[in-house]
Structures are given as structure tokens and as C-alpha cells.
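Participant: Quick one: sequence plus predicted model below, questions after.
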Amino acid sequence: MINPLTHYGVPGTGRTAVLFAFLLLVAFCGHAAGVAVPTIQLNRMNTELTFTPDTPLSVTIELDAGDQEGVAADWWITAETPMGWYSYQYPDKWVFGGDDVSDPEAAYQGPLFDLTETEVLNITGLPTGSYVFYFGVDTTRNGLVNEGMSVYDSVVLNVSTEASPFAGYNLFSSLNSTTAYLMDNNGNFVHSWETGYRPGNAMYFLENGLLLHTGNVGNTTFGSGGAGGMVQTIDWDGSVTWAYEYASTTHLQHHDVEMLPNGNVLMIAWQYKSGDDAIAAGRNPSLLKDGELWPDSIIEVQPTGSDTCQIVWEWHAWDHLVQDYDATGSNYGVIADHPELIDLNYVMNSAADWNHTNSIDYNEELDQILLSVHNFSEIWVIDHSTSTAEAAGHSGGNSGKGGDLLYRWGNPQAYGAGTTSDQQLFVQHDAEWIAAGSPGEGDILIFNNGQGRPGGNYSSVVEIKPPLNSDGGYTLASGAAYGPDQPVWTYTADPPIDFYATNISGQERLPNGNTLICDGPSAHFFEVTASGETVWEYKYTGKVFRVERYAPGYSGFDGTPLNENQPVMISY
């Protein structure tokens with residue numbers, strides 16, 4: 001991509017009047033049925049953003065041609081910048097137009113068609129000031145902007161050396177509360193849902209406007225932290241639209257869930273194994289403090305009614321074991337020879353809650369699942385493209401490896417590839433791929449709680465770039481540990497011991513490059529820049545599992561008062 005914004009010598013005079021004239025020319029005539037709908041986004045967001053100059057910017061466009069597919073048209077992509085106007089010309093050229101936009105260069109001339117997300121700019125280091133990016137189409141193909149024949153979309157970017165928080169609404173709940181809240185960045189509570197359950201533990205506001213909420217049903221078989229059992233969706237007005245209880249004496253949903261693009265839900269669940277089951281599989285009896293074991297499973301459920309669903313896919317850690325204790329077992333082997341398997345006798349504390357997986361994330365492009373496995377101080381990646389039968393074995397799926405681990409990182413001693421000096425994660429939480437459009441997209445962001453860290457307990461947030469191959473596999477040299485050797489970005493306090501969250505907690509990379517952090521035990525939310533500067537913070541009460549932020553233009557707010565930036569204030 002050619003750098004389009006390198007002309008810094010043009011004065012920025014008269015741009016307001018020029019912009020007004022341009023908007024008159026490309027007057028928006030409404031998105032009537034069948035009319036082409038252009039969309040332009042900054043870092044996958046169609047809302048006003050504020051960046052610092054060192055924040056990477058991606059500008060993408062999309063077009064729904066509607067009933068006008070095939071109609072000859074002029075396509076316009078322009079940018080009003082502090083240096084003057086620029087026009088984009090297909091396929092990769094930006095043309096400087098000075099202060100005059102009365103006759104912009106057409107990006108492309110040809111028939112209208114459905115255009116999937118296409119990047120037209122990728123740049124870091126923009127000069128400070130205000131930018132407006134436009135994408136429009138004009139159905140009179142003559143190289144001129146024709147009044148009344150054009151539809152356009154625009155989005156504003158402010159670049160400032162003074163860091164600022166990412167605008168939006170914060171979703172959270174105390175672990176002891178049955179109410180979920182949305183709060184703006186000024187600390188105003190703008191909406192709430194009464195759920196009927198204390199969290200168990202995660203919740204998310206979905207693009208369709210529903211709250212995806214987990215609830216603690218008070219199961220007495222599985223009594224560890226993060227216990228849930230209920231998953232429900234709740235509409236804006238508080239009505240439960242779907243509820244499913246996955247709780248019994250043999251299994252229990254816990255900690256986290258993930259809504260898939262097809263509407264199915266991934267859940268983390270404990271599965272009960274007796275002491276005899278564990279010993280028969282090769283568990284050292286001395287490592288059965290509670291006389292039983294709860295290995296983790298992942299289930300994918302498809303809602304089939306208001307309170308029913310069908311389990312359409314499963315993965316069980318129990319199907320992917322290796323052990324070097326019982327030489328008569330079929331899974332007996334050398335741990336270091338099998339990084340794709342899970343050492344049945346690797347333990348943190350010998351408790352029944354063996355893995356204690358506390359987060360789940362899904363990557364649609366890779367069709368892979370990311371897990372944070374607290375009691376191994378590792379993150380794991382597994383293949384979701386398998387059938388349930390393949391997920392129980394060692395072959396099949398896109399990876400060809402069935403349900404075996406594709407990647408793991410954080411504690412190579414868990415698979416015989418290192419010592420305590422090689423450990424980098426310490427009972428971490430909230431591992432997630434950085435979303436497309438946010439700086440670092442495709443990297444993995446992790447809340448590293450830091451309990452038991454050599455040199456003292458302190459927390460950090462780390463970003464790693466996994467050794468991903470073009471085929472979706474991960475590089476691993478024989479006998480070595482999975483890379484990377486070090487994170488590409490780390491946040492710690494100064495001094496580090498000033499920030500320590502013993503458990504729960506999480507983080508989120510925001511589209512402006514900042515990172516939103518939740519210190520769960522103290523219910524302290526704060527947002528930091530890439531350089532570690534705190535630009536926003538809020539202190540709540542009790543304990544909070546995680547906090548999620550949603551931009552004002554997020555589709556979930558469509559049809560609500562927040563869509564119009566007119567929040568209904570709630571007093572508490």
C-alpha cells in the first residue's frame with residue numbers, strides 16, 4: 001500500500017466551507033430499499049475515534065449494491081485531512097487535491113457490485129488534527145459528483161498527542177449481584193438487567209442486542225470458584241429469550257462462554273471422574289487430594305427452543321492424556337515426546353478442579369478455540385473444525401490432529417520442555433485473540449495474575465504473537481518449547497508490586513490501541529495507552545470477573561436510547 005499522507009506542506013485553509021459544499025453535492029438521499037449502501041470503517045469501527053499518532057490505522061470499505069447491482073457508477077473515496085484533501089484511486093493510490101474538493105478524483109468507475117471488506121489505507125504516524133473519511137457512489141457515471149444521485153458514508157478520526165479513553169459503555173456485574181450494568185465513561189449507570197442469578201462468571205452484550213449471561217445455580221457437587229450452570233440471553237427490556245441449565249452431579253458449566261457466529265454457544269464445563277476412574281487412567285493416587293477429579297470439557301450447544309438446546313460438538317481434555325506413572329496404561333509415554341497431549345499428573349495443588357479453565361475465545365478465520373488453563377499456567381489452542389468423534393481422537397479436522405493441542409504457551413514444564421525458570425504465565429485469566437481492526441489484531445492478549453511469580457507477586461497484561469503458520473498450524477522445533485520467547489507488549493505498574501490481582505480479572509484491546517484492564521478482586525477498572533499511561537479509571541465495590549466496553553455505534557444498541565446517545569439515567 002502506498003503511503004497516501006506524506007504531503008505535509010499544504011496549508012489547511014478554508015476546509016470547513018469546502019467540506020460544506022462537498023456535503024451538499026453528495027447529499028445523503030436515504031437508504032431506501034434496494035439503494036446501494038456504502039460503509040467506511042476505521043479499525044473496523046464506524047464511529048468517531050480519537051487516536052494518538054503512534055496508533056495504527058486501517059481504513060476499510062464495504063458496499064451492499066442492493067437492487068442497483070450492475071448499474072454504472074462513479075465510486076468516491078476521499079479524506080479531509082489537516083494537510084488538505086486526498087482522493088483514492090483504485091487499486092492503491094491516493095492523490096493529493098489540496099484545499100479544493102470540488103472536483104475529486106474518482107476511486108473507480110464501473111458497475112456497482114457487492115464489495116466485501118476491502119482495505120484502502122493502512123498507516124501509522126498520522127499528524128495530529130481532525131480527519132474525515134468518506135466513501136460514496138454516484139449512479140451517473142461521468143467522473144463528476146452529481147447532486148441527488150450520490151449516497152455516502154463518513155467517519156471522523158481525531159489524532160492528538162494527548163491520550164484519551166475510548167468512548168463507549170462498560171458492561172459488568174459484581175460477583176455477588178444478580179444485576180448487570182452498563183456504565184458510561186463518566187461513571188453514569190445508563191442501563192441494567194435483572195438476571196435472577198449471580199454471575200457464573202462471564203457476560204457479553206451481543207450484536208443482536210441481547211445480553212449473554214452466565215448464572216450460578218448453586219450446584220453442590222462442583223464447589224470451586226467460577227461455578228455456573230445457567231446460560232441465558234436477555235433482551236433490552238429484561239425478558240429472558242433463552243435459558244439453558246447445564247448442571248448435574250456429573251457436569252457443570254463454569255467461568256466463561258462464547259457466542260459463535262452461527263448462534264451456537266461454546267461453554268466450559270467440568271466433568272466428574274471418580275478416584276477409581278482417575279487411577280485407572282494413570283493418575284498417581286497421591287495426587288488425588290479430594291478423592292475425585294474434574295477434568296474440563298468444551299461443549300457447543302445449539303438453541304432449539306426457549307429453554308432447550310442440542311449439544312452439537314464436544315471436546316474433552318480426558319481424551320488427550322499422557323502419563324508416565326502407570327506403565328501398563330495405553331496412554332503411558334514420555335511427557336516431553338507429546339507436547340500435543342495433557343500430562344495427567346501435572347498438578348498445581350492436587351485438587352479435584354484439575355485444569356480450572358477460566359476463559360474461552362473463538363477465532364472464526366482459523367476455526368480454532370483458545371483456552372486459558374489456570375492450573376497449568378498455560379493457554380491452549382484446539383481445532384474446532386473437527387467432528388465430535390475426531391475431537392475425541394488424534395486425527396481429523398483442518399489441522400489433521402483431531403482434538404490434540406495445536407498450541408500451548410506460558411509454562412513449558414507442563415509438557416517436559418522447560419523448568420521453572422522458563423515459566424512466563426502464573427495462574428492467568430482471560431486469554432483472547434485481539435479482534436480484527438484493533439492494533440495487534442491476531443495476537444493473543446492475556447491477564448497474567450502473577451501469583452507465585454519468582455521475585456514477588458505482581459500482575460501484568462501481556463501480548464504475544466503466536467508462531468502461526470500459513471496453514472493454521474504452529475511452529476515447534478523438536479524438543480523445544482513453543483514460542484515466542486517474550487511478549488511483544490507488556491503492561492505492569494511502576495513499581496510492579498503496586499498492581500496485583502490474585503484471581504479473576506481480565507483485559508481488552510480497544511480499537512484506538514488502548515487496553516482496558518479489570519483488577520477483579522478490587523473491582524478497579526482502568527484504561528492504559530500502549531506506553532502504559534492511565535487515561536481512564538473507575539472503582540466499583542465487591543469483586544468483578546471482567547469488564548467489557550462497547551462503542552456508542554455498536555450494533556447491539558440499535559433501537560435503544562443509547563443508539564441516539566440519550567441514555568436513561570438510573571440511580572443506585
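Facilitator: Looks like it arrived, so ask away.

Participant: Identify the bridge partners of Thr214.
Facilitator: In this entry, Thr214 is beta-bridged to Val231, by DSSP bridges.

Participant: OK, contacts around it?
Facilitator: 197, 199-203, 228, 230-232, 253, 255-257 (Cβ atoms under 8 Å, 6 or more residues apart in numbering). Just so you know, the C-beta spots here come from the backbone N, C-alpha and C atoms, and that holds for glycine as well.

Participant: want to throw those into JSON lines with distance to Val528?
Facilitator: JSON lines is the format used below for the contacts of Thr214 (distance: Cβ to Cβ, whole Å):
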{"residue": "Tyr197", "distance to Val528": "32"}
{"residue": "Pro199", "distance to Val528": "25"}
{"residue": "Gly200", "distance to Val528": "29"}
{"residue": "Asn201", "distance to Val528": "23"}
{"residue": "Ala202", "distance to Val528": "22"}
{"residue": "Met203", "distance to Val528": "23"}
{"residue": "Gly228", "distance to Val528": "30"}
{"residue": "Met230", "distance to Val528": "34"}
{"residue": "Val231", "distance to Val528": "32"}
{"residue": "Gln232", "distance to Val528": "33"}
{"residue": "Gln253", "distance to Val528": "32"}
{"residue": "His255", "distance to Val528": "25"}
{"residue": "Asp256", "distance to Val528": "23"}
{"residue": "Val257", "distance to Val528": "27"}
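
Participant: would you list these in JSON lines and tack on pLDDT and distance to Leu57?
Facilitator: JSON lines is the format used below for these (pLDDT from 0 to 100; distance: Cβ to Cβ, whole Å):
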{"residue": "Tyr197", "pLDDT": "98", "distance to Leu57": "41"}
{"residue": "Pro199", "pLDDT": "98", "distance to Leu57": "36"}
{"residue": "Gly200", "pLDDT": "98", "distance to Leu57": "39"}
{"residue": "Asn201", "pLDDT": "98", "distance to Leu57": "35"}
{"residue": "Ala202", "pLDDT": "98", "distance to Leu57": "31"}
{"residue": "Met203", "pLDDT": "98", "distance to Leu57": "31"}
{"residue": "Gly228", "pLDDT": "98", "distance to Leu57": "39"}
{"residue": "Met230", "pLDDT": "98", "distance to Leu57": "41"}
{"residue": "Val231", "pLDDT": "98", "distance to Leu57": "37"}
{"residue": "Gln232", "pLDDT": "98", "distance to Leu57": "38"}
{"residue": "Gln253", "pLDDT": "98", "distance to Leu57": "40"}
{"residue": "His255", "pLDDT": "98", "distance to Leu57": "35"}
{"residue": "Asp256", "pLDDT": "98", "distance to Leu57": "31"}
{"residue": "Val257", "pLDDT": "98", "distance to Leu57": "32"}
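
Participant: any idea how far Met267 is from the residue nearest the centre of the chain?
Facilitator: In the chain, the C-alpha nearest the mean C-alpha coordinate belongs to Ala435, at 4.8 Å (Cα atoms, centre = their mean). For Ala435, the distance to Met267 (Cβ to Cβ, to the nearest Å) stands at 21 Å.

Participant: before we move on, back to that, any idea which of the contacts of Thr214 is the one closest to Arg546?
Facilitator: When the contacts of Thr214 are compared for distance to Arg546 (Cβ to Cβ), Ala202 wins out at 6.5 Å.

Participant: The closest one contacts His255, correct?
Facilitator: Yes - the criterion here is Cβ atoms under 8 Å, and Ala202 meets it with His255 at 6.7 Å.

Participant: which of the two has more neighbours?
Facilitator: Neighbours per residue, other Cβ atoms under 10 Å: of Ala202 and His255, the larger number sits with His255, 29 against 26.

Participant: what about the more buried one, helix or strand, and which?
Facilitator: Per DSSP states H and E, His255 falls inside strand 251-259.

Participant: by contact count, what packs against that strand?
Facilitator: Secondary-structure packing of strand 251-259 (3 or more Cβ pairs under 8 Å, 6 or more residues apart in numbering; DSSP states H and E): strand 199-205, strand 211-216, strand 229-234, strand 265-271, strand 357-363.

Participant: quick one: contacts of it?
Facilitator: Against strand 251-259 from outside (Cβ under 8 Å, 6+ apart): 200-202, 204, 206, 212, 214, 219, 221-222, 224, 226-231, 246-247, 265-272, 297, 357-362, 369.

Participant: how about it as PDB, C-alpha atoms only?
Facilitator: Presented in PDB, the C-alpha positions along strand 251-259 are these (Å, rounded to 0.1, in the frame of the first residue of the first chain):
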ATOM      1  CA  HIS A 251     -21.200 -31.900  34.900                       C
ATOM      2  CA  LEU A 252     -21.400 -28.100  35.400                       C
ATOM      3  CA  GLN A 253     -20.800 -25.100  33.200                       C
ATOM      4  CA  HIS A 254     -18.300 -22.700  34.700                       C
ATOM      5  CA  HIS A 255     -16.500 -19.400  34.200                       C
ATOM      6  CA  ASP A 256     -16.900 -18.400  30.500                       C
ATOM      7  CA  VAL A 257     -19.000 -18.900  27.300                       C
ATOM      8  CA  GLU A 258     -18.600 -17.800  23.700                       C
ATOM      9  CA  MET A 259     -21.300 -17.000  21.200                       C
END
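
Participant: Quick check: end-to-end length of stretch 279-299?
Facilitator: 25 Å (Cα to Cα, to the nearest Å).

Participant: Can you list the residue ranges for helices in the stretch 151-300 of the chain?
Facilitator: Ranges of helices in the stretch 151-300 of the chain, per DSSP state H, counting those that start in this stretch, are 275-280.
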